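Q: Build me a structure from this.
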Amino acid sequence: MGRAGIHVEHAIGNADYKICQRACAYALGSPVAVVAEDSDVFQLLVHHTDPAASDVYMVAAKRTVRASTINRRVDVKLSESLLFLHAVSGCDTTSRPHGIGKVGVLKKYAALAESAAMFMASESSKVALETAGERAVLIMYGSQVQLWKGNDLPPEKWGWARSSTGLVPVQMSEPLSQQPQRSSCETSDVIVVADVIHDLAPASRTVFSALQRAANLKALYA
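A: Just a heads-up that it's a prediction; the model follows:
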């Protein structure tokens, strides 16, 4: 492509983020179109696009969407939490919580805003991220509703054990899967889902650790 006179840039880290970064930079001067089929690219554009910049379009095989318009119309809290919401509800690098869909998570974006802010802050400690991740999982599985119903279930019967510092999850006895696992991100998911950009990878891994407890939390708070 370079020999044909086409400007080429190589991504050292996350290619999706690189595409979004360059598109947003070009949009400061004129409208720009990103040709891609990946819903992750679309959501990165929605999150990172400057509302004051020119329009940013994503051109896919079946349709063209103006990401900048969506950025201007959605709630600011939703836009700020978008990357976390996509990661915690399942993406290329994190598993989807059992029985939880992206739409359901997105509807709870206001309740999840505090956890999202903790993961979006680069200075957050590992302990703070673990606490925020656990709180997010509880919110997704409706723990508050059960408390309001007075349904006080004993956590020791649902995969938790008491220690000197409080409740800790009982470690699973089954070995970790050694086979590569794939998650599907359908084009229809592009409404409001996003991938975690490369500089949030450590936080994304911490979310995944919290999500491993989701099966027990599902039984406890469903």
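Q: quick one: low-confidence parts of the chain?
A: 92-93, 143-152, 175-222 (pLDDT under 70).
Q: and if we set it to 90?
A: Along the chain, the model assigns pLDDT under 90 to residues 1-21, 35-52, 58-111, 120-122, 126-127, 130-222.
Q: ok, which stretches of it are strands?
A: Assigned by DSSP state E, the strands in the chain fall at 32-35, 56-59, 64-66, 160-163, 166-169.
Q: List the contacts of the second one.
A: Taking CB atoms under 8 Å, 6 or more residues apart in numbering as the criterion, the residues outside strand 56-59 that touch it are 23-24, 27, 31-36, 41-42, 45, 49, 64-68. (C-beta placed from N, C-alpha, C; glycine too.)
Q: Now which of those would you call buried?
A: Neighbour-count burial (16 or more other CB atoms under 10 Å) applied to the contacts of strand 56-59 gives 23-24, 27, 32, 34, 36, 41-42, 45, 49, 65-68.
Q: ok, of those residues, which one's closest to G104?
A: F42 (20.0 Å; CB to CB).
Q: right, and that closest one touches A67 too?
A: Yes: between F42 and A67 there is a contact at 6.2 Å, judged by CB atoms under 8 Å.
Q: From S115, how far off is A128?
A: 10 Å (CB to CB, to the nearest Å).
Q: neighbour count winner among these two?
A: More crowded of A128 and S115, by other CB atoms under 10 Å: S115, with 26 against 14.
Q: Now do the contacts for the more buried one.
A: F84, V88, A132, G133, R135, A136, I139.
Q: Of those residues, grab the buried ones for ChimeraX.
A: Buried residues within those, by 16+ other CB under 10 Å, are selected in ChimeraX with:
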select :84,88,132,133,135,136,139
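Q: Between the contacts of S115, which sits nearest I6?
A: For the contacts of S115, the nearest to I6 is F84 (35.1 Å; CB to CB).
Q: And for the closest one, nearest residue in space, chain neighbours not counted?
A: A116 (4.0 Å; CB to CB, 6 or more residues apart in numbering).
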